[in-house]
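>>> return a 3D structure for these sequence lines:
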Amino acid sequence: MAAAAALRCSLLLLRAGARAAPGGGSLRLSSGRAARGDINKPVIDRILRVDHAGEFGANRIYAGQMAVLGRSSVGPLIQQMWNQEKDHLKKFNELMVAYRVRPTVLLPFWNVAGFVLGAGSALLGKKGAMACTVAVEESISEHYNNQIRTLIEEDPEKYKELLQVIKQFRDDEQEHHDIGLEHDAEAAPAYSVLKTAIQLGCKVAIFLSERI
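Residues are numbered from 1 along each chain as shown. The predicted structure follows:
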């Protein structure tokens, strides 16, 4: 039931964005380009689908962490990072509409998996939550860098708006990564094992969400 609700929620957000897009300056340009067919649609579809899924998953991870640590001393810091992820997801909801991209069918799974990962890492305490943040944000930053290179190779002027968005979000994720290190992520129990396992999961999630 929770999985179905997550998928319905995502689709409603996309529909709401579709109604709002005509009034939003830069999104009109993106939508026009998508409609004219002068973009590499398979590449853009893959980029936006996986980034939307990634930001959705990140929101669920922070939701899980807040469920466990929200009342602790680290709660405000986690909330601060979560608020940025909410902004990221909102923007990708808008871009999904503008470029006419469907979300991955795996959203219901990421809804549950993200929350479980966030809550599970938080049960290890602040250090465990920060270790999770470092692992995930490092993976996402690297992934965004790969996308930036792809779009520059395609046409940096044509994809100027999208490049700006991804670069800004990459910088935000890198900031979250650094915050995690500053708050004792590396002192978490079995840090190396935990980080490796989480990043392997991230790679699988990226591979699947790009394609289905």
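
>>> in the helix or strand that contains residue 170, what's buried?
Applying DSSP states H and E as the criterion places residue 170 in helix 160-182. For helix 160-182, burial by neighbour count (16 or more other C-beta atoms under 10 Å) applies to 162-163, 165-166, 169-170, 172-174, 176-177, 179-180. Using the backbone N, CA and C atoms, a C-beta is placed for each residue, glycine as well.

>>> return the list of helices and strands in contact with that helix.
Applying 3 or more C-beta pairs under 8 Å, 6 or more residues apart in numbering; DSSP states H and E, one finds that helix 160-182 contacts helix 25-36, helix 41-69, helix 75-98, helix 126-154.

>>> mean confidence score for the shortest one?
Computed over helix 25-36, the mean pLDDT rounds to 43.

>>> where does the chain dip in pLDDT?
In the predicted model of the chain, residues 1-37 satisfy pLDDT under 70.

>>> now do the contacts for the one residue sitting closest to the centre of it.
Closest to where the C-alpha atoms of the chain average out (C-alpha atoms, centre = their mean) is residue 55, at 1.9 Å. Counting by C-beta atoms under 8 Å, 6 or more residues apart in numbering, residue 55 makes contact with 85, 88-89, 92, 169.

>>> may I ask which of those residues has the most neighbours?
Neighbour tally across the contacts of residue 55 (other C-beta atoms under 10 Å): the maximum, 26 neighbours, falls on residue 92.

>>> ok, residue 144 - how many residues close by?
The number of residues near residue 144, taken as other C-beta under 10 Å, comes to 23.

>>> quick one: it and residue 116, what's the gap?
24 Å (C-beta to C-beta, to the nearest Å).

>>> go on, residue 105?
In terms of C-beta to C-beta, residue 105 sits 19 Å off from residue 116.

>>> residue 75 now?
With C-beta to C-beta as the criterion, residue 75 and residue 116 are 19 Å apart.

>>> please apply the same query to residue 69.
In this structure, residue 69 and residue 116 are 15 Å apart, going by C-beta to C-beta.

>>> looking at these two, which is more packed in?
residue 69 (23 against 13).

>>> can you tell me the SS state at residue 72?
Remark: residue 72 carries the secondary structure label coil [criterion: DSSP: H, G, I helix; E, B strand; the rest coil].

>>> next, it: phi, psi?
Reported as degrees, to the nearest 10, the phi and psi values for residue 72 are phi -90, psi 180.

>>> dump the contacts of residue 55 to CSV, plus distance to residue 131.
Shown next, in CSV, are the contacts of residue 55 (distance: C-beta to C-beta, whole Å):
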residue, distance to residue 131
85, 18
88, 21
89, 23
92, 26
169, 22
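
>>> from the residues you listed, pick the one nearest residue 151.
residue 169 (13.2 Å; C-beta to C-beta).
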